[in-house]
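# could you work out the structure for the sequence below:
(chains A and B)
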Amino acid sequence: MITIFGIPGPLLFGQLLLGLINGAFYAMLSLGLAVIFGMLNIINFAHGALFMMGAFVSWMLLNYLGIGYFPALILSPLLVGIFGIILEKTVISRLYKLDHLYGLLLTFGLSLVIEGLFRNAYGSSGMPYRIPNILQGATNLGFMYMPNYRGWVVVAALVVCISTWAIIEKTSLGATLRAATENAPLVQAFGVDVPRLITLTYGGGIALAAFAGVLAAPIYSVNPNMGTNFINTVFAVVVIGGMGSIMGSILTGFGLGVIEGLTKVFYPQASATVVFLVMVIVLLVRPRGLFGKAA
Amino acid sequence: MILTRRSALATAAAAVSIQPIRPVRAQAPTIKIGVLNDQSGPYTNTSGIASVICTKQALEDFGAATRGLNVEVISADHQNKPDLAVSITRQWFDRDGVDVLLDVPTSSVALAVQSVAREKNKVYLNVGAASSALTGAQCSPNLIHWCYDTYMLSKSTGGAMVKAGGDSWFFLTADYAFGKQLQDDTSILVKAAGGKVLGSAPYPFPGTSDFSSFLVQAQSSGAKVLGLCNAGADTVNSIKQAHEFGVNSSMKIAALLMFITDVHALGLDTAGGLNLTESFYWDLNDRTRAFTKRVLPKTPKNYPNMIHAGCYSATLHYLKTVADMGAAEAKKDGVATINRMKAMPVQDDCFGTSKIREDGRNMVTAYLFEVKSPNESKGPWDYYKLKVTTPGDEAYRPLAQGHCPLVKA
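Numbers count the residues shown, from 1 in each chain, chains lettered A, B, ... in the order given. Here you go, the predicted model:
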C-alpha cells in the first residue's frame, strides 16, 4: 500500500474527499456572506442563525405538515429568505449610512435573539432528521465508504455556487447589481429601484444560508447551536478569500475544507485552529485577501 | 420629555419617598444554593434549567418552608468556560452569600471551581461533571461527587463491551479534562482485560460538529470497538455520522457517556441497540416514577436524567443535614457540613439508599441499559431496558487506586 507521510494513501484520499464535502458548506455560507457584504456593505453576523433556521424550518415542515426533504429544499430557503427580507426592511436598512460596526453589532444581536428563541422552544440536544430514502446508503469507492447523501451535498453545493456566481458576474441583472454597488445614485437615475434591489439581494443571500441549512439537517443534529459552530470559520473564509469576492469565497471555502480535513489526520487537536492560522498568514502577505481587489 | 432641573428634583424626591420601609426583625439565616451549569451550549439539556427545577423540587419535597428553613436557589450559565465559572463562583461566595455550589457539569469547569470552594470553605456538590479526578488526585474535603464518574462509566459500559469480545479499541475523544479522563479510565480497563487500544482522535472541544474524518480514521484502524469519549450534542452527532459512514456495521459503538436526552435527540432508529450507563432512569421503579411525575409538569419536554435526579438527591440530603446541625452552623463551616453529610446515609426516591465515601464519592448503583428498538418502545420516552445492575460498592474506583490525599493509607 502507498503511504504518504506515514499515512496510508486510501485514508488520505478519503480525507481529501471529506474535506471537500465540509468545504461545500463553507463555500455556500461564505458565498451568501460575500454577496451581502459586496452589495450591502453589511457584515451579516446573523448568517449562522439563519442557516440554523433553514434546518429548523425543514424539520418543522416535515414534523408539522408532513412535507419531505426535496420540497423543503425549495420551501425552506424561500420562507427564511422572506424572513430575511422582513429583517432587512424593518431594521437592517436603517444602518446603511452608518459605520460597518453598527451592522455587525445589530446582526450579532439578532443572531443571539433568534438562537435564544429556538433554544427556549426546542432545547439544545437537537432534533433528528432522517436522510431521504432515495439518498440512503453508501457507495464503496475502493479507498473509502462514501455515504450517498454526502455526495449529493457536494453536487448540490457546486451547482448552487456556480449558478450564483454566474447570475452576478454574467447576467444583466448581475451587472445592474454590481453597478448599484459602485454608484447607487447614478443607477437610480437610470430608473432602477436600488432599495428594492438591495432588499432582494439580502433575501437571496439569506436563502443561500437556509439552503445550506436544509442540506446540513440530515448530517448534523438540527439544534440551535449548529450555526455558531460554523460561523467563525466561515468569516475566516470570507476574509481569506477577500471581502466581497464571489469566486474568492467559493474557492477558499472548498480549499480550506481540504486543509482542515488534512489537519484532522496529522494533528486533530489543531483542526479548529488551522483556518485561523491560514487567515493570519494571508492577512500578513495579502491584506485584502487572496482574491480581493486592490484598493 | 424635556428634563428640567425642577422635574428632575421632583422625580428624585418621589423615588426616595416610595422606598419600602423594611421591618426590623431577627431573621433565621438564609441558606443559598447556587446552581451553576450550561444553560445555552451543548450540555443545556443534560443539565441546564431542568437541574434548577429538580433542585427546587427537593425544597418542596423536604418542606423547607414549613420547617422554618429559609432556602433560596439561584442559578447561572457558565458557558463551559472555566474562567467565567471561577469568577461567578467567587462573586457568589464573596458578594451574594452562596453556601452551596451545585451541579457544575463540564469537567474542566468542575475542576477549576474546586479550589475556590475549598479556599472559601463552602459546600461543593458536584453532580454534572464526569471526571473521576474530582475524587482522585484532585479531591477536596469540601466536595461530594454525586451520581456518576468516568471510572464507573468505563467499568459498566466498557466492561460489558470487553466481555462481549470487544478487545481492540479506537477512541473518539473530546480534547479536554473529561474526554481525556474517560479515555484513560477506559484504556486501563481494556488493557487489564488483555485488550488493545489501536488509536485515538482527540478533537477540539467545543466547536467540532463534523466527525466524518475521525470516523474514517477509526474504520481504517481495524479496531473492533469505537469508544466515544464525549457527551451531549457531540455524542449525538458522532453516532449519527457513524451510521452514515456505515461504521456501525464494521465496529461496535460504545457511547461511554450518554443520557436519555441524547437518546431522544438521536431517535430510536439510530440509537436502538446501544449500551449505556446511567444511575437513574425515570421508569426504573415506583419511586423513580413518582419523582418523575412530580417534576415533569415543570419540565415537560426534558425528562429527568441522572444529573437532574442527582441535583434533587444532593439538595435533599444537604437540607436534611442542615436541619440536623442547624442553619447557622452549616453556613459557618463547609468542611464540617460535608463531614456530617458523609456520616449520614443517603436515602431518596431517585437513587434509593447509598453511602458517601471519605474521598467524597457517593456510591450509588450503576445500571447498564440497552436502548430499545422502535418496536419495543411503548410510549413517550420509553427508551431503556435494564441489562446489568452494579451495586455501589463495586461500581467505583477502589479507594486506594484514587490517590486522594484525604484518604489515609
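# buried set for stretch B:278-286?
When burial is assessed from 16 or more other Cβ atoms under 10 Å in any protein chain shown, stretch B:278-286 yields the following buried residues: B:278-284. (Each C-beta comes from the backbone N, C-alpha and C, glycine too.)
# next one: stretch A:135-152
So for stretch A:135-152, counting by 16+ other Cβ under 10 Å, buried means A:135, A:138, A:143-147, A:149-152.
# also near chain B: which of those residues, exactly?
Among these, the ones lying near chain B by Cβ under 8 Å from any Cβ of the partner chain are A:138, A:144-145, A:147, A:149-150.
# how about these in CSV, adding distance to residue A:78, secondary structure and pLDDT?
Putting those into CSV (distance: Cβ to Cβ, whole Å; DSSP: H, G, I helix; E, B strand; the rest coil; pLDDT from 0 to 100) gives the following:
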residue, distance to residue A:78, secondary structure, pLDDT
A:138, 31, strand, 80
A:144, 35, coil, 73
A:145, 35, strand, 76
A:147, 27, strand, 86
A:149, 22, helix, 90
A:150, 25, helix, 88
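# biggest separation within those, which pair?
Distance extremes for those: the farthest pair is A:144 and A:149 at 14.5 Å, using Cβ to Cβ.
# what about residue B:289, distance to residue B:192?
Separation of residue B:289 from residue B:192 (Cβ to Cβ, to the nearest Å): 38 Å.
# comparing the two, which residue is more hemmed in?
A direct count of neighbours by other Cβ atoms under 10 Å in any protein chain shown for residue B:289 and residue B:192 places residue B:289 higher, at 14 against 9.
# hey, C-alpha coordinates of the helix or strand containing the more buried one in PDB?
Element membership for residue B:289 (DSSP states H and E) is helix B:286-295. Taking Å, rounded to 0.1, in the frame of the first residue of the first chain, the C-alpha atoms of helix B:286-295 are listed here in PDB:
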ATOM      1  CA  ASP B 286     -42.300   3.000  41.600                       C
ATOM      2  CA  ARG B 287     -40.200   5.600  43.500                       C
ATOM      3  CA  THR B 288     -38.400   7.000  40.300                       C
ATOM      4  CA  ARG B 289     -41.800   7.100  38.500                       C
ATOM      5  CA  ALA B 290     -43.300   9.000  41.500                       C
ATOM      6  CA  PHE B 291     -40.400  11.500  41.400                       C
ATOM      7  CA  THR B 292     -40.800  11.900  37.600                       C
ATOM      8  CA  LYS B 293     -44.500  12.500  38.000                       C
ATOM      9  CA  ARG B 294     -43.800  15.300  40.400                       C
ATOM     10  CA  VAL B 295     -41.200  17.200  38.300                       C
END
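# near chain A, anything from it?
No: residues of helix B:286-295 are not located near chain A by Cβ under 8 Å from any Cβ, the shortest gap being 15.7 Å.
# so where's chain B uncertain?
Within chain B, the ranges that satisfy pLDDT under 70 run B:1-27, B:409.
# residue B:170 in helix, strand or coil?
Here residue B:170 is strand, with the state taken from DSSP: H, G, I helix; E, B strand; the rest coil.
# oh, I was asking about residue B:265
helix.
# number of nearby residues for it?
27.
# for the one 3 residues further on, same thing?
By the measure other Cβ under 10 Å, the count of residues near residue B:268 is 20.
# just how off-centre is the helix ranked longest in chain B within its chain?
Secondary structure of chain B per DSSP state H: the longest helix is helix B:306-325. Mean-position distance between helix B:306-325 and its chain equals 14 Å (Cα atoms, centre = their mean, to the nearest Å).
# tell me the residues of the stretch 1-150 of chain A that contact chain B?
Applying Cβ under 8 Å from any Cβ, we find that the stretch 1-150 of chain A lies next to chain B at A:8, A:10-11, A:14-15, A:18-19, A:21-22, A:116, A:119, A:122-128, A:130-131, A:138, A:144-145, A:147, A:149-150.
# show me what residue of the stretch 1-150 of chain B gets nearest to chain A.
Among all residues of the stretch 1-150 of chain B, residue B:44 sits closest to chain A, at 3.6 Å; criterion: Cβ to the nearest Cβ.
# that residue in helix, strand or coil?
For residue B:44, the assignment made with three-state DSSP gives coil.
# helices along the stretch 151-300 of chain B, start to end?
Using DSSP state H, counting those that start in this stretch, the helices assigned to the stretch 151-300 of chain B run over residues B:159-163, B:177-192, B:212-221, B:232-244, B:247-250, B:260-266, B:268-271, B:286-295.
# quick one: those helices as JSON lines, columns for distance to residue A:59 too.
Shown next, in JSON lines, are the helices of the stretch 151-300 of chain B (distance: least, Cβ to Cβ, whole Å):
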{"stretch": "helix B:159-163", "distance to residue A:59": "33"}
{"stretch": "helix B:177-192", "distance to residue A:59": "29"}
{"stretch": "helix B:212-221", "distance to residue A:59": "21"}
{"stretch": "helix B:232-244", "distance to residue A:59": "14"}
{"stretch": "helix B:247-250", "distance to residue A:59": "23"}
{"stretch": "helix B:260-266", "distance to residue A:59": "12"}
{"stretch": "helix B:268-271", "distance to residue A:59": "15"}
{"stretch": "helix B:286-295", "distance to residue A:59": "27"}
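# that'll do, ta.
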